[in-house]
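Novice: what shape does this take:
(chains A and B, ligands or ions: 1)
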Amino acid sequence: MTTRRTILAVVTPLLLIVAVAVAFLTVDPLRSLTGAAPPIEQVTVERHVLDGDGIALLVRVGGTAPVRIAQVQVDGAYWTFAQEPPGELGNLSSAWLRIPYPWVLGETHHFAFITRTGLAFEHTIDVAVATPDTNSLGVLGLVGLFVGIVPVALGMLFYPALRAGGTRSFGFALALTIGLLGFLLVDTLQEALELAADAAPGLHGAAMVWLVAALAFVLLLAVGRRKGGEIGGFALATSIALGIGLHNLGEGLAIGSAFATGAAALGTFLVLGFTLHNVTEGIGIVAPLVQERPRWPVFIGLAALAGLPAVVGIWLGSYAFSPHWAALALAVGAGAILQVIVEVGGLLMRRSATQGTSWASAPAVLGVVLGVAVMYGTALLVQA
Amino acid sequence: MRFPFGQPVTRRLLLGGSALLGGVQVVRLALGAASAQPHGLGHGAVPAVSRQSVAPSAAHVAHGGMMTVGEVDAARNGFDPHTILTSWDTGEVIWDGKGHLCREFVVEASDKDVEIAPGIIFPAWTYNGRIPGPTIRAMEGEQVRIIFRNRGSHPHSMHFHGIHSARMDGVPGAGDVLPGGEFVYEFEAKPFGCHLYHCHTVPLKRHIHKGLYGTFIVDPDPARHPEHEAAARSRLLGTPENRGWQEFVMVMNGFDTNFDDENEVYAVNTVAHAYSRRPIVIDRARPVRVYLVNVTEFDPLNSLHLHGNFFDYYDSGTTLTPTLKTVDIITQCQGQRGILEFTFKDHEPGHYMFHAHQSEFVELGWMSMFDVRGEIA
Ligand SMILES: [Cu+2]
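Specialist: Down below sits the predicted model:
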């Protein structure tokens, strides 16, 4: 009896919602307001491929009615093109536009897509370079190792020094880790939101970033504590490596897409700066292990977990990049980083409680400040 | 047309990209590779693209990919740029009730969606359902009566370039017609020449570029020009001398499809690439006369350049001897117009381009072609 009543209580409002929607659509009370207004349309370019056949663009459309791309202008000239799939494009659907245009290496190309209603949507390729083909997979992978694995592994080399420093240096290293993770959290969120702004407006990228980050945080926290209580030691190190790995995946995506989109300036100095920037990540990962005695495969595993996603990111970024997917990956990364901040902070506070000192001791505050400062300082290096 | 730069390169992309390229270099150094070109793709990749999607006529090969895609539905538009080239509205000769002969025309303004390039629908305002409006043609000295009815959603007028009284000027306060209203413009057709008419209701730019313009040709009366009688007779529609000519009316126009005060489409007689997709057939044995009018909005100038040939030009068409001899480009300000005369009689048959000599306009649709033939069946 009660179950039937419960079902009724759920079904009735649902039916009413459907009824209201149907009534609204049939009566269309807003008709007098919208009148002869043309439909709202959006065209966003998600990827481009430049090769010997010309230019191919992956466009995603949004709008209140299906969008038909009538003509394509390249650098202010109507150009022949083929659309796959052809015809009208429904809301949030995508298609490839293949344009046999003789693009010029290193120069800028402008595009305008004129829809049936005469609206013009613009897109720019800032620097035209050939899209990397599968031949460059190896080179790109090596670069991924260089910006992902190498700095993390180098950072881990500080492990013996941390151990030698004893308990005081342990607390300091944990605080340093919190500082560095704080920087990464801000950086990751910012980049996720920037990418979300480039995605098709209909996908509501910014809202997605915040929600996914929050969801990832809660999920990872729950998974980490599934055996009850806070985590520390090896489990915490793994969590940190995972969070940093997700951050590096996003970093890799950005690097890969920068290569694919030609938005790149040359500099060996800069890649060294980038490596330096990521060295601190290695220190952060091994900090919780100071009071353990891990064997060397553990270090290799952690370095791989934190660094290899950069390689994957670069590959994906150069061949299959879409801003909303990259924003999604970065949002997960932000949630993961927040989770490890909470865990490392918890560990730090538990330690100070057992030692009877304030968690806001001088070494701890100094560690956090230094962590942020080092990350910010090395970020300046790669900015040049 | 000008397009602003898209989104700026983000710091992250620059940073990442720099790191990456730096990385490539480092890796290459490490591997002992010396190549400077990472992809073996030379400067200026020329696509080896299949262009089979475009019909393989000689005219189409000439565009090299620089072309709109698809066809305009002339039936849906209700007019064809090819018909507009040679369709003259000579009105109807009637007694005006005061004992005078009078040439009477009927023109109706209406709102209409016009396909101005394949697949691009422009919410236009038209005279008699077409852009440009009817080519009104009369003889010098004739009394002209234009019954103008406004079936559109906004006030409109017909402002003729010609000699007439202020009352007949078609400006706000003198011949401005409210929706549903009517006005009769009356004046003597003079001076002879190639003129135009357009709506003069404000805001001017909007009323003109939405499509309210057309050509007004006043043929010279040979009896009034004994010193150039032959030339005058060749200009007068219906004479045997005139029938020896191939006459075309060409209105250079543009369309701002997204209303940002810049044209997305340029054309002659409205439809982008209409005469390059299907060239204008010319019998090389007969001379060619083009009544050329520029109504392009937003750009200060438009022009016409003829390939492989030169022409004589009559500015405003108000003289019977050329005002410019042997030129191959003519430039016109908005509202400026004139007559071009040329012949292909010594040319070999083939496709001869003509287009604006502003590359910008060419690439946005103002590209055309004459198909010069040896014999026309
Ligand atoms: Cu008007």
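
Novice: tell me the phi and psi of the nearest residue to B:Phe255 once chain neighbours are set aside?
Specialist: Closest residue to B:Phe255 in three dimensions, ignoring its sequence neighbours and counting by Cβ to Cβ, 6 or more residues apart in numbering or on different chains: B:Val265, at 4.5 Å. Every C-beta, even on glycine, is put in place using the N, C-alpha and C of the backbone. Per-residue torsions, B:Val265: phi -130, psi 130 (degrees, to the nearest 10).

Novice: what residues does the stretch 51-200 of chain B have near chain A?
Specialist: Counting by Cβ under 8 Å from any Cβ of the partner chain, the residues of the stretch 51-200 of chain B close to chain A are B:51, B:53-54, B:65-70, B:117-123.

Novice: of those residues, closest to chain A?
Specialist: Relative to chain A, the closest of these is B:Gly119; by Cβ to the nearest Cβ it sits at 3.0 Å.

Novice: contact partners for that closest one?
Specialist: B:Gly119 makes contact with A:68, A:70-71, A:116, B:69-70, according to Cβ atoms under 8 Å, 6 or more residues apart in numbering or on different chains.

Novice: just B:Tyr352 next, same as before
Specialist: Taking Cβ under 8 Å, 6+ apart as the definition, contacts of B:Tyr352 comprise B:306-309, B:344, B:369-370, B:372.

Novice: what residues does chain B put near the ion?
Specialist: For chain B, the residues in contact with the ion (Cβ under 5 Å from the ion) are B:156, B:199, B:201, B:207, B:212.

Novice: my read: the last one touches B:Pro132, true?
Specialist: So the one you mean is B:Leu212. No: using Cβ atoms under 8 Å, B:Leu212 makes no contact with B:Pro132, being 9.2 Å away.

Novice: report the helix or strand with the lowest average pLDDT across chain A.
Specialist: The helix or strand of chain A with the poorest confidence is helix A:31-34; it has a mean of 64 (mean pLDDT, DSSP states H and E).

Novice: buried residues in the very next helix or strand once past it?
Specialist: Reading on from helix A:31-34 to the C-terminus, the next helix or strand found by DSSP states H and E is strand A:41-51. Of the residues in strand A:41-51, those with enough neighbours to count as buried (16 or more other Cβ atoms under 10 Å in any protein chain shown) are A:41-50.

Novice: with pLDDT added, can I get those in a markdown table?
Specialist: Below are the buried residues of strand A:41-51 laid out as a markdown table (pLDDT from 0 to 100):
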| residue | pLDDT |
| --- | --- |
| A:Glu41 | 83 |
| A:Gln42 | 85 |
| A:Val43 | 89 |
| A:Thr44 | 88 |
| A:Val45 | 89 |
| A:Glu46 | 85 |
| A:Arg47 | 84 |
| A:His48 | 85 |
| A:Val49 | 87 |
| A:Leu50 | 88 |
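
Novice: same list (those) but as JSON lines, adding distance to A:Val290.
Specialist: Conversion of the buried residues of strand A:41-51 to JSON lines gives the following (distance: Cβ to Cβ, whole Å):
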{"residue": "A:Glu41", "distance to A:Val290": "58"}
{"residue": "A:Gln42", "distance to A:Val290": "52"}
{"residue": "A:Val43", "distance to A:Val290": "54"}
{"residue": "A:Thr44", "distance to A:Val290": "48"}
{"residue": "A:Val45", "distance to A:Val290": "49"}
{"residue": "A:Glu46", "distance to A:Val290": "45"}
{"residue": "A:Arg47", "distance to A:Val290": "45"}
{"residue": "A:His48", "distance to A:Val290": "48"}
{"residue": "A:Val49", "distance to A:Val290": "48"}
{"residue": "A:Leu50", "distance to A:Val290": "50"}
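
Novice: got the contact list for whichever residue of the stretch 1-150 of chain B sits closest to the ion?
Specialist: Each residue of the stretch 1-150 of chain B has a distance to the ion, by Cβ to the ion, and the smallest belongs to B:Trp125, at 6.2 Å. Taking Cβ under 8 Å, 6+ apart, we find B:Trp125 in contact with B:109-112, B:152, B:154, B:156, B:199, B:207, B:210-212.

Novice: pretty sure A:Gly141 contacts A:Leu316?
Specialist: No: contact criterion Cβ under 8 Å: A:Gly141 and A:Leu316 do not qualify, at 11.9 Å.

Novice: between these two, which has more neighbouring residues?
Specialist: Between A:Gly141 and A:Leu316, counted using other Cβ atoms under 10 Å in any protein chain shown, the more crowded position is A:Leu316 (20 against 17).

Novice: give the buried residues for stretch A:129-149.
Specialist: A:129-132, A:136, A:139-149.

Novice: and the furthest pair within the contacts of B:Gly119?
Specialist: A:Arg116 and B:Val69 (12.9 Å; Cβ to Cβ).

Novice: list the residues that contact A:Ala112.
Specialist: A:Ala112 makes contacts with A:72-73, A:76, A:120-123, B:1, B:3, B:264, as judged by Cβ under 8 Å, 6+ apart.

Novice: equivalent analysis for B:Asp89, please.
Specialist: Applying Cβ under 8 Å, 6+ apart, one finds that B:Asp89 lies in contact with B:105, B:134-137.

Novice: again, only using 6 Å
Specialist: B:134-136 (Cβ atoms under 6 Å, 6 or more residues apart in numbering or on different chains).

Novice: ok, A:Val374 next?
Specialist: A:Val374 makes contact with A:Thr280, according to Cβ under 6 Å, 6+ apart.

Novice: what about whichever residue of the stretch 101-250 of chain A sits closest to the ion, which SS state?
Specialist: When scored by Cβ to the ion, the stretch 101-250 of chain A has A:Gly118 as its residue closest to the ion, at 19.3 Å. Classification of A:Gly118 by DSSP: H, G, I helix; E, B strand; the rest coil places it in coil.

Novice: gap between the most centrally placed residue in chain A and chain B?
Specialist: Note on chain A: the residue nearest the mean C-alpha position is A:Leu330, at 2.2 Å, using Cα atoms, centre = their mean. The gap separating A:Leu330 from chain B is 10 Å, by Cβ to the nearest Cβ, to the nearest Å.

Novice: surely B:Gly317 meets B:Glu341?
Specialist: No: distance between B:Gly317 and B:Glu341: 10.4 Å, which falls outside the contact criterion (Cβ atoms under 6 Å).

Novice: which one's more surrounded, these two?
Specialist: B:Gly317 (25 against 17).

Novice: and that one, what element?
Specialist: Going by DSSP H and E, B:Gly317 is not in any helix or strand.

Novice: could you pull out the helices for chain B?
Specialist: Along chain B, the stretches classed as helices by DSSP state H are B:11-31, B:58-61, B:74-77, B:81-86, B:204-209, B:229-235, B:240-243, B:274-277, B:359-363.

Novice: got it, and the stretch 201-350 of chain A?
Specialist: Taking DSSP state H, counting those that start in this stretch to define them, one finds helices in the stretch 201-350 of chain A at A:205-224, A:233-261, A:268-286, A:296-319, A:323-355.

Novice: swap in the stretch 51-200 of chain A?
Specialist: Ranges of helices within the stretch 51-200 of chain A are A:137-147, A:149-156, A:159-198, based on DSSP H, counting those that start in this stretch.
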